[in-house]
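K.L.:
the sequence and its predicted three-dimensional model are supplied below.
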Amino acid sequence: MRKIVYYVASSIDGYISGPNGDISGFVGESDGLIQYLADLKEFDTVIMGRNTYEFGYKFGMKPGQVPGLYAHMKNYIFSNSLVIEKPDPQVKVVKVDLAIVEELRKQPGTDIYLCGGGKFAGWLLNHKKIDTLKIKLNPVIIGNGIPIFENVERQFKMNLFGQKTYENGLQIISYEIVY
């Protein structure tokens, strides 16, 4: 069964963006970002929530379009309300449903990249569906915004299995989530 890998940028205080999607404090250039881009090439499927998909609109992406970094992947947007007319064949909007998550995990292919966001990741974590957490830890404190996980219902332990520091203070830290 394929694993779900939540590979996410975060501030030191645990936010994936500040208010109104502000990511201006995150490291813009680093060999760590080059590593992240190389790591993305290892995935053939990406899942995300509606807000994460629509975040791309701020950067010129149009509804139904494949996000540029994920052009080589099948893109699944989990939403109970998003409607996209004539999406790219690589983009599929699906209901927020555990059966769909399990169906994707059972399909042949690479591990599944969970792009975000915090609400969708919290829902998946509460249902014990995230296997690995990889944090691109940025040396910035944001203060508020969207947390890595929203609405988590209990405590979860993790096992550290990788950590590397890159230029500009960026770190990539890898954990296995213990259920």
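P.N.:
Received the coordinates, thanks. The model shown is predicted, which means the values in this text are computed figures rather than measured ones.
K.L.:
quickly note the distance from the residue nearest in space to the middle of the chain to Ile47.
P.N.:
Closest to where the C-alpha atoms of the chain average out (CA atoms, centre = their mean) is Cys115, at 1.9 Å. Taken as CB to CB, to the nearest Å, the spacing of Cys115 relative to Ile47 amounts to 7 Å. Heads up, the C-betas are built off the backbone N, CA and C, glycines and all.
K.L.:
circling back: could you pull up phi and psi at the closest residue to the residue nearest to the centre of the chain other than its chain neighbours?
P.N.:
Once flanking residues are discounted, Cys115 sits nearest to Met48: 4.1 Å by CB to CB, 6 or more residues apart in numbering. As for Met48, its main-chain torsions (degrees, to the nearest 10) stand at phi -160, psi 160.
K.L.:
do Ile172 as well
P.N.:
Dihedral angles for Ile172 - degrees, to the nearest 10 - are phi -110, psi 120.
K.L.:
contacting residues around it?
P.N.:
Ile172 is in contact with Gly32, Gln35, Tyr36, Lys134, Ile135, Lys136, Leu137, Gly162, Gln163, Lys164, Tyr166, counting by CB atoms under 8 Å, 6 or more residues apart in numbering.
K.L.:
give me the beta-bridge partners of it?
P.N.:
Taking DSSP bridges as the rule, Ile172 bridges to Lys136, Lys164.
K.L.:
state the pLDDT value of it.
P.N.:
pLDDT for Ile172: 98.
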